[in-house]
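# Provided below are the primary sequence and the corresponding predicted coordinates.
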Amino acid sequence: MLPDTDDLPETLLYLAVPHEDINELVALRRTVTGDPGTLGLLERCVEELLRDPQDTGRTPDLGDLLASAPASLSSVFAVYVFLAALPHTLAHHRERGIPAEISRHTLADLGRQLAVHRRRHGRAGVQSPRWLARHFRGELYQLGRLQFERARLGRSSASVIAAAGLDAAPGTPCLNLHIPDFHGPLTPSACDRSLALAREFFALHFPEEHAEAVLCHSWLLDPQLKRYLAARSNIVRFQERFRLAHEDTEPADTEPVQFVFGDPGLPVARLPRRTAVERAVGDHLRAGGHWYVGHGWFPLQG
């Protein structure tokens, strides 16, 4: 189920795992393979991860399984789950005719999650195994600067989009757009290129789904950012692509703190002010304001 010891470093590099984590992960492989109980747990995790592949949007129930891993593997056991699932994921990509380069760029998000974990905790670990399940189930793809996830419309979004004249009943296929970290600025030209790639990619590799709308759920769509950022900033121009899907009333203050500063638990009073975005996030919170997740959409062919 796992690459052997000699091949494992190359596989980890393929997945963009940070160099400083590789020796530890290779050494811990023996802990996984040397215990029948741990191997059985690994198999159950992979089965749960890949179960019901046709059920787009199913979130595998990995939490309790991962939590039952041996203490010495607790923060990194998910790495071995994704390594064991990798051949199945790549086989699915090949069946769909997905280019090898897109597979590599997509699955490299494992390395990004390890980098985020090390930045926050100072040691190897997977920051969000739940998030990476989308990649290894064949639901999310990195296409240029942006990521696009095969999804289905919820009731509230469907009613708004249908009112604009698109085919948008609840359950209609759509694409969720995500903005990965560690990938350079969110320039309009990079976004345009990603959208062009997405139109071609999903029409070619998932033609039966006929997604008509792109949705995004992110603090980057909070319109309050326009109070602090220049009109020609990348974030404001990114916001202008979207029509309102619905509004949140529940504050989500830790979202921008997590993504801008790397740790949602940082004291607001001490947040740095080095960039325009850092100043916007911190100054707004220090003034007693709140941030909200914005929900927007636009036609895929628009």
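Okay, I see it.
# mind listing the helices for the stretch 201-302 of the chain?
234-239, 254-261, 276-286 (DSSP state H, counting those that start in this stretch).
# all strands of the stretch 51-200 of the chain, in order?
140-143, 146-152, 173-178 (DSSP state E, counting those that start in this stretch).
# once you drop chain neighbours, what's closest to the residue nearest in space to the middle of the chain?
Closest residue to the average C-alpha location of the chain: residue 131 at 5.5 Å, with C-alpha atoms, centre = their mean. In space, and not counting its chain neighbours, residue 131 is closest to residue 113: 7.1 Å by C-beta to C-beta, 6 or more residues apart in numbering. Glycine gets a C-beta too; all of them are placed from N, C-alpha and C.
# count of neighbours near the one you found?
Applying other C-beta atoms under 10 Å, we find 24 other residues in the vicinity of residue 113.
# equivalent analysis for residue 80, please.
26.
# same check, this time on residue 278
So residue 278, with other C-beta under 10 Å, has 15 neighbours.
# please renumber so the chain begins at 12
New numbering, starting at 12: the last item is residue 289.
# and the closest residue to it other than its chain neighbours, backbone torsions?
Take residue 289 and drop its neighbours on the chain: the residue closest to it by C-beta to C-beta, 6+ apart is residue 283, 5.4 Å away. Residue 283 adopts backbone torsions of phi -60, psi 160, taken as degrees, to the nearest 10.
# would you confirm that residue 283 contacts residue 272?
Yes: using C-beta atoms under 8 Å, residue 283 makes contact with residue 272 at a distance of 7.1 Å.
# related to what we said a few turns ago, okay, the residue nearest to residue 289: pLDDT?
With respect to pLDDT, residue 283 scores 96.
# quick one: average pLDDT of stretch 227-239?
pLDDT averaged over stretch 227-239 gives 97.
# now that stretch: how far from the chain's centre is it?
Taking C-alpha atoms, centre = their mean, to the nearest Å, one finds stretch 227-239 lying 19 Å from the centre of the chain it belongs to.
# same check on stretch 142-156?
Using C-alpha atoms, centre = their mean, the offset of stretch 142-156 from its chain centre is 7 Å.
# which parts of it are buried?
Burial within stretch 142-156, assessed by neighbour count using 16 or more other C-beta atoms under 10 Å, is assigned to 143-156.
# what about the helices in the stretch 12-161 of the chain?
19-25, 30-44, 47-61, 74-78, 88-106, 111-118, 120-132, 140-147.
# deepest of those helices, which one?
Across the helices of the stretch 12-161 of the chain, averaging neighbours per residue (mean count of other C-beta atoms under 10 Å) puts helix 140-147 on top, at a mean of 22.
# now for that one, which elements pack on it?
For helix 140-147, the contact count by 3 or more C-beta pairs under 8 Å, 6 or more residues apart in numbering; DSSP states H and E identifies helix 47-61, helix 88-106, helix 111-118, helix 120-132 as packing neighbours.
# redo these as a markdown table? Include distance to residue 38.
Shown next, in a markdown table, are the helices and strands packed on helix 140-147 (distance: least, C-beta to C-beta, whole Å):
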| stretch | distance to residue 38 |
| --- | --- |
| helix 47-61 | 15 |
| helix 88-106 | 12 |
| helix 111-118 | 23 |
| helix 120-132 | 16 |
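# for residue 203, which of those helices is the nearest?
Closest approach to residue 203 among those is made by helix 111-118 (17.9 Å; C-beta to C-beta).
# distance between that closest one and the chain's centre?
Using C-alpha atoms, centre = their mean, the offset of helix 111-118 from its chain centre is 14 Å.
# and stretch 243-258, by the same measure?
With C-alpha atoms, centre = their mean as the basis, stretch 243-258 stands 19 Å off its chain's centre.
# end-to-end on it?
End-to-end distance of stretch 243-258 (C-alpha to C-alpha, to the nearest Å): 24 Å.
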